[in-house]
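Visitor: Sharing a sequence plus its predicted fold:
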Amino acid sequence: MKNIGTLLLFGGFIIAAFASVQQADEKGLDWAAINWGLYAVGAVFGVIGIGMLRSAAIEAGAHSAMVDSDMQTIDDTLQTLVTKVDALNTGRDDIGVYGVHTHIDDNLVEELDAFVEVRESIAHRYGLQKYADLMSQFALAERNLNRAWSASADGYIDETWKCLDNAQNLIRGAQSLFRSYRDSEPAA
Amino acid sequence: MAHELDGQGRPIRRGKYPELTLPAVLVGYVLGAIIALSIGYASLILGFSIEGSELAAILGWGILRGIMKRTSIIENNINQTIASAVNGASAGMMFSVPALFILARENPEKYGGLTEFNPVLMVLACITGGILGLAFIIPLRKQMIDFNRLAYPGGIAVAAILKSPGAGMKKAALLLTGATISGVFFLIMLYFKGGHPDEAVGQHLGLPSFLNITFFLSLMTVGVGFLSGRGGLVFGYGGFICYFLLAPLLGYFGNDNVKNDILDPPVRSALLTTSDIDDIEDIAEDLKIHDEAAGAALITLVKPESEAAEDVKPNGVTVFNDVAQARAILASADVIEKLANSLPDEASPEEMKAVGFQSAEEAKHAADRLRSISRAKDVIAAADALASSDLRSELASQSTAKGVMTAIQTSDAPEESQQTLLKATRAEEIYYDVPDGLRLGLFRPTGIGVLIGAAIGGIIAAFPLVRSAIKSMQQAAAEKKNNPNVVSDEMPIKVLYGGVIGGAAALAFITMLTVENMGIGRGIAMAGLGTLWIWIAGVIVSECLGRTNWSPLSGMTLIAVTILLFIASGLANDTSAIISSVICGAAICVAIAQAGDMMLDLKSGYLVGALPKWQQTGQVLGTWLGPIVIIMLIFALHDTYGLGSENLPAPQGAALASMINGVVGGDVPTWRYTAGAGLGLILAFSGLGGVGVQIGLGFYMPFDIVLTYTIGCLTRMYFQKKKGMKFIEDVGIPLAAGLIVGEALVGVGNAFVQIIAGG
């Protein structure tokens, strides 16, 4: 259904776009420069395509193997991030303030990117509102890590430690939130 | 101040991490004013604005860290935020305000009163617009940056500069390497190919011109595409749909006026274009003061042609009937040259006035201009080449540019003669202008409509995200009320509500004061619709910048002024309608520019861990200065050189002036905007995030940029798949950011060199 929906959406778009540019402007032509009949045909195809895509998305959100796999990736990534940020925070005195930013580059960037790569599946599975709530938490955690990076590069130790503490709490919060979503899912 | 040191002797700093500080604000003001003046002046000559954030970050780096020994990445981020906020007025005002001076210059009888607008009101309107733009866009920060993770390639480049002190030697070296490669490459391209270097690969391969396979030779554009990655590819689809799908379809199934006028254009007058005629008429008017007969003869010479300049000539050979006219134009040049030579070097103003030209130099320049209408010489040369050729009758049977071009290229005439004939007939030039005709007449207005529809639909479709973002700001305000010690990350939502309501009211009040007979109802209607448009266009521009780094600012302003002129059309005269519309339109243009700049800076801020509220405060603090600096620059330059003159052509203002003339004359393709908006709505509700805005921008932008940008996207996708995300983060992003920085800096440098070289 997704493929047919995509085909109808873009087929309809192309037809309506063609109807929009089929005729050049000429004096007195004005609104007749658009082939509105053909345009309407394209628009109808497009709307049917949207309907099919939306149904396919709802269906996929509930049952798709790909979304299931993404959910697992998110869970694993958040767990790894929690572990690594905990470790960074615990060992920060040994790493030293100037070592934190290289530690973040070497150990956390890949996990953060992996989460971002599959994040949209959260919206497919749990809806936009829950997606927004989780992303709020995650983005705040990431911004604190970025601030810890900057403060570390500049040698500001109090700020670096404070941001690492914040990031630790926020990433744990994101993990709890995500797990609460999963726990509230009806059993398949 | 003494610091404790770490094992390697580096200072360990305690206490607050400097962010929004007085030095950052003051340096931001100074740099912002310098950048706004420089870029504003350059844009009046070159016709485009340059984003100032990268320059501000680099200069700030040098001043704050190098001279003032400051030590904070996020403090420099505030400095560049303020500097680019000051510069935001440059992009907004240089596009709009000069239109008033240009219209007055072009038609002093009808529009002479346009220059008497109130500059204080203009400044107040632009400051109000800037605040409105920010108040509308700030609540969308979470949606665009935190939730949708828009790339903002320019923001990534700025962040790479800001982070360079701590990023390590390898990344800094990559940034510098990228900047050097792209800067040197751009310099070479500028030298060999001029201001917008491109390569018509399709033309070399003999492909049809409507496919428009021309690449913009810009490594910055490749870098921008790289930073956008797979997400930016849809922007390319918009262009592919236009030129690889719709254009061929139009060739088969389009109506005759598309097939004949655009896809297979006829040959046109070879000798003069309408802009040539305008220039010649100006020169002739000056010449008339000195020698009435000679001036009148020159005007008569081009007058009949001016009426027919854009008319189609029935076949390719008649273009050579202009030979006599070409010879007469060259003869007039000789008359002016003689006049110039007869003038003393130090002639008094009275003497100069008596001969029409301001100086001997200007008279010589006019003579050169007449001669430099190179087609006059080409037409004579081509007519000579054809005099005894069989090709003459072959050309006589052709009526289209392609037909003439093919006839010349397949003839037995020597290569040199072929080139002379192609140049004189303009056949090749007209044939390879087909994509411009398609874009300007069909795809661009449709694209503007798609952008509008997609933005409105996008706001509706993403309503839960927008609501969540605003709700979190409201929650922060409530928490702060309950516990004053809570530190909020965002500017208080009540301040933003106040900004919107107060800004809209102030804009209505200012609009009412712009002209005497405005009236309360019309003033409120103009400001109300203007405010609504600031919201919609701010979202469009911010999203376009976020997904592709390009902004349809000019298109959004053209729509704004069109709407405003429509409301103002009931005023006593066109002058009042235009003044009020351009003042309100300038406010909207500044608002949109500020909104886009804010989001770009917030992205840089996100990447360096800045607190959004300090950046938002910094941007607001920078909003007032730009309009004051720019209006002073505009008046100073106008008094010295005259806006719209050869010394100061102000191409962006000229484009708006021409559009205003079109709107006043009832020439606006509303139907194509409407059809495009429907297309945008369909895509917005598809559930495919951002696809409508990107496809709309693909319709709107020149295809050479789209093609080169796509190379960057595909390169990123290839390396991401082959080498992984770590390679992209460690190597790709610093290198791509360097490509952006290098070309941007050379672009700014080149602007100054051109201005200095031009005297």
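Guide: That came through, no problem. Numbers count the residues shown, from 1 in each chain, chains lettered A, B, ... in the order given.
Visitor: Only C-alpha atoms from now on, for both contacts and neighbour counts.
Guide: OK.
Visitor: Nearest to chain A: which residue in the stretch 301-450 of chain B?
Guide: Nearest to chain A, among the residues of the stretch 301-450 of chain B, is B:Leu442, at 5.5 Å (C-alpha to the nearest C-alpha).
Visitor: contact partners of stretch B:446-454?
Guide: By C-alpha atoms under 8 Å, 6 or more residues apart in numbering or on different chains, the residues outside stretch B:446-454 that reach it are A:20-21, B:536-537, B:540, B:555-556, B:672-684, B:692-693, B:695-700.
Visitor: Just give the nearest non-adjacent residue to A:Gly96, would you?
Guide: Leaving aside its sequence neighbours, A:Gly96 sits nearest to B:Asp6 (C-alpha to C-alpha, 6 or more residues apart in numbering or on different chains; 7.9 Å).
Visitor: what's the domain layout of the chain?
Guide: No chain specified, so I'll use chain A. A:2-62, A:64-183 (automatic domain parsing).
Visitor: you looked at the wrong chain, it should be chain B
Guide: B:16-179+B:438-597+B:613-644+B:660-757, B:274-425.
Visitor: close enough to count as contact, B:Val404 and B:Ala427?
Guide: Yes: between B:Val404 and B:Ala427 there is a contact under C-alpha atoms under 8 Å: 6.2 Å.
Visitor: intersection of neighbour lists for the two?
Guide: Shared between the contact lists of B:Val404 and B:Ala427 (criterion: C-alpha under 8 Å, 6+ apart) are residues B:Val267.
Visitor: residues near residue 133, how many?
Guide: If you meant another chain, say so; for now it's chain A. 18 (other C-alpha atoms under 10 Å in any protein chain shown).
Visitor: let's do chain B instead
Guide: Around B:Gly133 there are 32 residues (other C-alpha under 10 Å).
Visitor: now it, nearest residue through space, not along the chain?
Guide: B:Ala591 (4.2 Å).
Visitor: what separates the one you found from B:Ala537, distance-wise?
Guide: B:Ala591 sits 9 Å away from B:Ala537 when distances are taken as C-alpha to C-alpha, to the nearest Å.
Visitor: more neighbours, these two?
Guide: Per other C-alpha under 10 Å, whichever of B:Ala591 and B:Ala537 has more neighbours is B:Ala591, with 35 against 31.
Visitor: could you check the distance from B:Asp436 over to B:Ile430?
Guide: Applying C-alpha to C-alpha to B:Asp436 and B:Ile430 gives a distance of 10 Å.
Visitor: ok, these two, which is more surrounded?
Guide: Between B:Asp436 and B:Ile430, counted using other C-alpha under 10 Å, the more crowded position is B:Ile430 (21 against 18).
Visitor: residues contacting the more buried one?
Guide: For B:Ile430, the contact set (C-alpha under 8 Å, 6+ apart) comprises B:Pro265, B:Val267, B:Ala401.
Visitor: what helices or strands is the helix or strand A:Asp68 falls within leaning on?
Guide: Assessed by DSSP states H and E, A:Asp68 sits inside helix A:65-90. Applying 3 or more C-alpha pairs under 8 Å, 6 or more residues apart in numbering or on different chains; DSSP states H and E, one finds that helix A:65-90 contacts helix A:100-107, helix A:109-118, helix A:120-126, helix A:157-183.
Visitor: Try it again at 10 Å.
Guide: helix A:36-63, helix A:92-95, helix A:100-107, helix A:109-118, helix A:120-126, helix A:157-183 (3 or more C-alpha pairs under 10 Å, 6 or more residues apart in numbering or on different chains; DSSP states H and E).
Visitor: and of the ones you listed, who's closest to B:Gln203?
Guide: helix A:36-63 (33.0 Å; C-alpha to C-alpha).
Visitor: for the closest one, packing partners?
Guide: Other helices and strands packing on helix A:36-63, by 3+ C-alpha pairs under 10 Å, 6+ apart, are helix A:2-21, helix A:65-90, helix A:120-126, helix B:670-684.
Visitor: Might you name the residue of chain A sitting closest to chain B?
Guide: Closest point on chain A to chain B, by C-alpha to the nearest C-alpha, is A:Arg147, at 3.7 Å.
Visitor: circling back to that earlier point, between the contacts of B:Ile430, which is nearest B:Arg65?
Guide: Using C-alpha to C-alpha, B:Pro265 is the member of the contacts of B:Ile430 that sits closest to B:Arg65, with 58.6 Å.
Visitor: Local confidence estimate at that closest one?
Guide: pLDDT recorded at B:Pro265 is 82.
Visitor: which SSE is the residue of the stretch 101-250 of chain B found nearest chain A in?
Guide: For the stretch 101-250 of chain B, the residue closest to chain A is B:Gly166, as judged by C-alpha to the nearest C-alpha, at 4.7 Å. Using DSSP H and E, B:Gly166 is not contained in any helix or strand.
Visitor: so it touches A:Ala148, yeah?
Guide: No: the pair B:Gly166 and A:Ala148 does not pass the contact test of C-alpha atoms under 10 Å, sitting 11.8 Å apart.
Visitor: Can you name the residues that contact the closest residue to B:Lys603 other than its chain neighbours?
Guide: Leaving aside its sequence neighbours, B:Lys603 sits nearest to B:Gly155 (C-alpha to C-alpha, 6+ apart; 5.4 Å). Applying C-alpha atoms under 10 Å, 6 or more residues apart in numbering or on different chains, one finds that B:Gly155 lies in contact with B:53-54, B:161, B:545-546, B:549, B:597, B:599-607, B:737.
Visitor: Same check on B:Leu187?
Guide: B:Ile181, B:Lys193, B:Gly194, B:Gly195, B:Glu743, B:Val746, B:Gly747, B:Gly749, B:Asn750.
Visitor: can I assume the last one sits in a helix?
Guide: This points to B:Asn750. Yes: counting by DSSP: H, G, I helix; E, B strand; the rest coil, one finds B:Asn750 located in a helix.
Visitor: who are the neighbours in contact with the nearest residue to B:Met701 once chain neighbours are set aside?
Guide: In space, and not counting its chain neighbours, B:Met701 is closest to B:Arg444: 7.4 Å by C-alpha to C-alpha, 6+ apart. Counting by C-alpha under 10 Å, 6+ apart, B:Arg444 makes contact with B:436, B:438, B:450, B:555, B:672-673, B:676, B:696-702.
Visitor: What strand or helix carries B:Arg444?
Guide: Short version, using DSSP H and E: B:Arg444 is in helix B:444-461.
Visitor: Number of residues surrounding A:Ala141?
Guide: 24.
Visitor: How much space separates A:Gln175 from A:Leu81?
Guide: With distances taken as C-alpha to C-alpha, A:Gln175 is found 9 Å from A:Leu81.
Visitor: hmm, I was thinking of A:Ile34
Guide: Applying C-alpha to C-alpha, the value for A:Ile34 to A:Leu81 is 55 Å.
Visitor: excluding its backbone neighbours, what's nearest the residue of chain B found nearest chain A?
Guide: Per C-alpha to the nearest C-alpha, B:Gly609 is where chain B lies closest to chain A, at 3.7 Å. Once flanking residues are discounted, B:Gly609 sits nearest to A:Arg147: 3.7 Å by C-alpha to C-alpha, 6+ apart.
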